[in-house]
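> got a predicted structure here, sequence first:
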Amino acid sequence: MEGFTALYIFMLAAFTGYEVISRVPVILHTPLMSGSNFIHGVVLIGAMVALGHADPDEPLQLVIGFFAVLLGAANAAGGYVVTERMLGMFKTGNVKKEGGAQ
């Protein structure tokens, strides 16, 4: 019964998250992205703790934990890259000089 409860909570969270994010105005995406990067960092720490508590005799637990850490790290790093690019669009005086090396 515990597995079905976890699956139900996951599906409910995914649906709720989609509904909330889809109604956010475009102007608020940059601040929300910064906040979500913090949450992704917390998720990454949780995945590392779960991997640390995985049973060494159960390779499936280790594989799932490894992929959780890998995907969590990629998600957090990618979020920061996207946020930096979005903030770069708002900078003024960002004109590239043409010519040779300086």
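Thanks, I have it.
> grab the longest helix from the protein for me.
helix 59-88 (DSSP state H).
> need the mean per-residue confidence for that one.
In this model, helix 59-88 has a mean pLDDT of 85.
> which other helices and strands does it contact?
Counting contacts by 3 or more C-beta pairs under 8 Å, 6 or more residues apart in numbering; DSSP states H and E, helix 59-88 packs against helix 29-52. All C-beta atoms are positioned from the backbone trio N, CA, C, and that covers glycine.
> and the helix it packs on, what does it pack onto?
Right, helix 29-52 is packed against helix 59-88 by 3+ C-beta pairs under 8 Å, 6+ apart.
> next, the angle from the helix it packs on to helix 29-52.
Orientation check (axes from the mean of the first three to the mean of the last three C-alpha atoms, to 10 degrees): helix 59-88 against helix 29-52 gives 160 degrees.
> run the chain-centre distance for the longest helix of the chain.
6 Å (C-alpha atoms, centre = their mean, to the nearest Å).
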